[in-house]
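[1] only geometry, no sequence info:
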């Protein structure tokens, strides 16, 4: 009797979860993620492995974003660095050097790995997507940029329940960057102030459009 009841509970759980979250392939889950996710916040763990195979570089921190193009990506270890996208400009603040680099985002975000999280959602326009199979409990998507100059050759995105859990990117120098998301909260209310940046007093500001602060 207990075995029958357990089976019924499991079946009910699958029905409540909906077929899209457990049966869909990686590409369909990625489409669902982009369509349904307007904002998010959480934590990330990053590992960078050089082509030479030298000791991996590890970092960790927190993030928040609001589509399209507004994000906050903050490294907290092993060093502190802040990246803020205000929808028009990308601000990079190196706290140790007290140096700010500012760049216009323009259309460049559309064909970069960051576009999966922060972009406008035009996946097929910017990437060639293919099923990457199932492994490690995740459904994988293989993505390649359609345009040159994106800075990377290929990317793998691992999803579960139509939510991004892992990203693996290989750049044009053979370096592989892996990003894990141990905490990923979908569609929370996010304070717009988190996506504004004003260079600290005394900071050295370099780059494009340096005459304006964050909006």
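    Happy to help now that I have it. Not measured: the values here are computed from a predicted model.
[2] all helices of the chain, in order?
    Ranges of helices in the chain, per DSSP state H, are 2-17, 19-23, 26-36, 114-118, 123-126.
[3] and the last one, how far from the chain's centre?
    Translated: helix 123-126. Chain-centre distance of helix 123-126: 16 Å, with C-alpha atoms, centre = their mean, to the nearest Å.
[4] for it, give me every contacting residue.
    Contact partners of helix 123-126, identified using C-beta atoms under 8 Å, 6 or more residues apart in numbering, comprise 30, 31, 34, 110, 111, 115, 116, 119, 129, 145, 146, 147. C-beta here means a position set from N, CA and C on the backbone, and glycine is covered the same way.
[5] which ones are touching the third one?
    Under the criterion of C-beta under 8 Å, 6+ apart, the contact partners of residue 34 comprise 116, 121, 123.
[6] tell me the pLDDT of the last one.
    So the one you mean is residue 123. pLDDT, residue 123: 84.
[7] that one: neighbouring residues, count only.
    21 (other C-beta atoms under 10 Å).
[8] what do you get for residue 40?
    A total of 23 residues lie near residue 40 under the criterion other C-beta under 10 Å.
[9] contacting residues around it?
    Here residue 40 is in contact with 63, 64, 65, 117, 184, 185, 186, 187, 188 (C-beta under 8 Å, 6+ apart).
[10] distance of the second one from residue 173?
    Just to be clear, that refers to residue 64. 29 Å (C-beta to C-beta, to the nearest Å).
[11] can you check residue 67 too?
    On the measure of C-beta to C-beta, residue 67 and residue 173 end up 29 Å apart.
[12] then residue 164?
    Distance of residue 164 to residue 173, computed by C-beta to C-beta: 24 Å.
[13] of the two, which one has the most company?
    Taking other C-beta under 10 Å, residue 164 and residue 173 do not tie; residue 164 has more neighbours (23 against 10).
[14] my read: that one touches residue 179, true?
    No. Taking contacts as C-beta atoms under 8 Å, residue 164 lies outside contact range of residue 179: 9.2 Å.
[15] overlap of the contact sets of these two?
    By C-beta under 8 Å, 6+ apart, no residue touches both residue 164 and residue 179.
[16] how far does stretch 176-196 sit from the chain's center?
    With C-alpha atoms, centre = their mean, you get 8 Å for stretch 176-196.
[17] quick check: buried residues in it?
    176, 177, 178, 179, 180, 181, 184, 190, 194, 195, 196 (16 or more other C-beta atoms under 10 Å).
[18] measure it end to end?
    End-to-end distance of stretch 176-196 (C-alpha to C-alpha, to the nearest Å): 30 Å.
[19] all strands of this structure, in order?
    In the chain, the strands defined using DSSP state E lie at 39-49, 57-66, 70-77, 81-86, 89-94, 99-104, 127-135, 138-145, 152-160, 163-171, 176-186, 204-207.
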